[in-house]
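**Q** Show me the folded form of this:
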Amino acid sequence: MQYEQFKAEDFVMEESFQQYCKGETNEAVAFWSKWKKENPAQSAEIEKAENILSLLNGGHHSKAFLEHSEKFNQLVLNRKGFGEKAIITSFAGHRSHRKRFFTYMAAAIILGLMLTGAFFYFNSGKNPVESVTKTEVPTVVPDILPGGDNAILTLADGTRIELNTVTDGRLKLEDGSNIRKEGAELLYDGSTLQSEVVVFNSISTPKGGQYKIILSDGTKIWLNAASSLHYPTSFPGSSRIVELTGEGYFEVATNASKPFMVKVNGIEVEVLGTHFNINSYDDEPVLKTTLLEGSVSIRKNEHSIVMKKGEQVAFSNTSLSVQSAKRPPSVTLLDETELSQAIAWKDGVFDFNNDHITHIMRQLSRWYNVDVKYKGRVPEKHYTGTIRKSVPISEVIKMIEIAGGTGISIDQRTINIQEK
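**A** A predicted model of the protein is given here:
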């Protein structure tokens, strides 16, 4: 093997190099560790290859898997090498594991350049496959720091507690319930309940905030930015009812004798014990419920649906259009990639899949607590990519600019968008 002539993409395809990066065999680790020391001229290509395999879940793709697609060479193994360029690829068609695999591979090339833990590519949605090579340098933009664990707890007597300003431990005893703060979690212990009187609390996250709450029945709820939850401190009756605004991910504790219900924007989601996500922001065109485990029943007006695992039900947002109130909901069966995308926010990641620039900007607005303004016509651009929510906003903008199609500038806490 003439490894001295290899480019980064060649190393990625080399099975023994994959084994070295994953630490699968002592022989591979010993060989490549020695070879790297003896061939410092190849250190740059080696580093790029290592970064690509690191992105691909530590290199958990076999050589056969990497060669699975006839388009792999077209999208990734461009024999011109990486250099100063980034491949920007657009796709049309159904979202699938196969498509997302191509996305990650194209993304790896960009990551070899940016190394920010993120990638984006541009999709105009007009051509089945379109490849563009860009060499322009993204504009330097001022940083706006990301959000974090921040919420306000409102007790039954109206007392407001900013949770990020108090130390861990017991906060207050209401109706015999023990309320504790542990890191970025708020926990209710109903085991010391002394009264049948139902007392309600609320927790709300501002723009740039998120929080986790564990109710007295053991149900776990993650609140996304600009969201709120109204709930009882205990569940002495025959049901468990909470009210949500914004977005929340629920892991409902099983109790066959006490159904759990979430009320949100005129929709009732009823379960016994399951995992699901509800996105109900007022500025989103649809209200989405995504079921990851179990079964749930959804009711709105005359519409009633029993969801199955892997399904996503979307109702038109009546707050944006009165006419949409009578439209029946849509039901979509999602694959594992799409299910992961629906709850990526909970795991600290933005995950976009052919999303319109306006949808992306609404998410960034909520997390970075910024305003978004469009100058002239709104760009008809779609992007696919992932990026950690922990990075400053400049990193996200760099990725979008590299992908192309949209001009972005920042004026204090306002993001200005225009067609490019």
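
**Q** hey, where'd the strands end up in the stretch 201-350 of the chain?
**A** With DSSP state E, counting those that start in this stretch, the ranges of strands along the stretch 201-350 of the chain come out as 209-214, 220-223, 227-232, 240-251, 260-264, 267-271, 275-280, 286-293, 296-300, 303-307, 311-316, 330-333, 349-356.

**Q** and of those strands, who's closest to Glu182?
**A** The closest approach between Glu182 and any of the strands of the stretch 201-350 of the chain, judged by Cβ to Cβ, belongs to strand 209-214 at 9.2 Å. From N, CA and C alone the C-beta is placed, and that goes for glycine too.

**Q** Which residues outside that closest one are in contact with it?
**A** 147-151, 163, 184-188, 203, 205, 220-226, 229, 231 (Cβ atoms under 8 Å, 6 or more residues apart in numbering).

**Q** tilt between that strand and strand 240-251?
**A** If you take axes from the mean of the first three to the mean of the last three Cα atoms, to 10 degrees, strand 209-214 sits at 110 degrees to strand 240-251.

**Q** Strand 209-214 - what's its average pLDDT?
**A** Throughout strand 209-214, pLDDT has a mean value of 97.

**Q** Sheet partners, orientation included, of it?
**A** Applying DSSP bridges to the sheet, strand 209-214 is found paired with strand 148-149 (parallel), strand 185-189 (parallel), strand 220-223 (antiparallel).

**Q** among these, which is nearest Glu15?
**A** strand 220-223 (39.9 Å).

**Q** sorry, back to before: now the strands of the stretch 201-350 of the chain as TSV including mean neighbour count and distance to Glu38?
**A** Putting these into TSV (neighbours: other Cβ atoms under 10 Å; distance: least, Cβ to Cβ, whole Å) gives the following:
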stretch	mean neighbour count	distance to Glu38
strand 209-214	22	48
strand 220-223	21	50
strand 227-232	21	56
strand 240-251	21	50
strand 260-264	21	61
strand 267-271	20	60
strand 275-280	23	51
strand 286-293	21	49
strand 296-300	20	60
strand 303-307	15	59
strand 311-316	21	53
strand 330-333	12	53
strand 349-356	19	39
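
**Q** Pull out the buried residues from the contacts of strand 209-214.
**A** Using 16 or more other Cβ atoms under 10 Å as the burial test, those include 147, 150-151, 163, 185-188, 203, 205, 220-226, 229, 231 as buried.

**Q** ok, what's across the strand from His303?
**A** Here His303, judged by DSSP bridges, has bridge partners Lys300.

**Q** Contact partners for it?
**A** 315, 328-329.

**Q** min pLDDT across those residues, which one?
**A** For those, the pLDDT minimum is Pro328, 78.

**Q** what's the distance between the nearest residue to that residue once chain neighbours are set aside and Lys288?
**A** Residue nearest to Pro328 in three dimensions, not counting chain neighbours: His303, with 5.9 Å by Cβ to Cβ, 6 or more residues apart in numbering. Distance, His303 to Lys288, using Cβ to Cβ, to the nearest Å: 15 Å.

**Q** can you check Asp411 too?
**A** Taking Cβ to Cβ, one finds Asp411 at 32 Å from Lys288.

**Q** Ser227 now?
**A** From Ser227 to Lys288 the distance is 14 Å (Cβ to Cβ).

**Q** Likewise for Lys263?
**A** Lys263 is 16 Å from Lys288, by Cβ to Cβ.

**Q** now Val331
**A** 11 Å.

**Q** shared neighbours, the two?
**A** Jointly contacting Val331 and Lys288 under the rule Cβ under 8 Å, 6+ apart are 312-313.

**Q** before we move on, the earlier item: Ala41 is nearest to which of the strands of the stretch 201-350 of the chain?
**A** strand 349-356 (36.3 Å).

**Q** what is the orientation angle of the helix or strand just after the closest one with strand 240-251?
**A** Next helix or strand after strand 349-356 toward the C-terminus (DSSP states H and E): helix 357-368. Here helix 357-368 runs at an angle of 110 degrees relative to strand 240-251 (the same axes, to 10 degrees).

**Q** where does this structure dip in pLDDT?
**A** 1, 51-142, 172-177, 191-195, 318-327 (pLDDT under 70).

**Q** got the domain boundaries for it?
**A** Annotated domains of the chain cover 3-134, 148-342, 364-419 [automatic domain parsing].

**Q** End to end on the second one, go ahead and measure it.
**A** For domain 148-342, the first-to-last residue distance is 19 Å (Cα to Cα, to the nearest Å).

**Q** so how far is that domain off the chain centroid?
**A** Relative to its parent chain, domain 148-342 has a centroid offset of 18 Å by Cα atoms, centre = their mean, to the nearest Å.

**Q** Ok, stretch 29-44 next?
**A** 37 Å.

**Q** Please point out which parts of that stretch sit buried.
**A** 29, 32, 35-36, 42.

**Q** for stretch 375-391, same thing?
**A** Using 16+ other Cβ under 10 Å as the test for burial, stretch 375-391 gives 379, 381-387, 389, 391.

**Q** Without its sequence neighbours, what residue ends up closest to the most centrally placed residue in the chain?
**A** With distances taken as Cα atoms, centre = their mean, the residue of the chain nearest its centroid is Ala344 (2.9 Å). Spatial nearest neighbour of Ala344, chain neighbours left out: Asp351 (3.6 Å); criterion: Cβ to Cβ, 6+ apart.

**Q** List the beta-bridge partners for that neighbour.
**A** Beta-bridge partners, per DSSP bridges, of Asp351: Thr386.

**Q** wait, it sits on Thr386?
**A** Yes - look at Asp351 against Thr386 with Cβ atoms under 8 Å: they come within range, at 4.9 Å.
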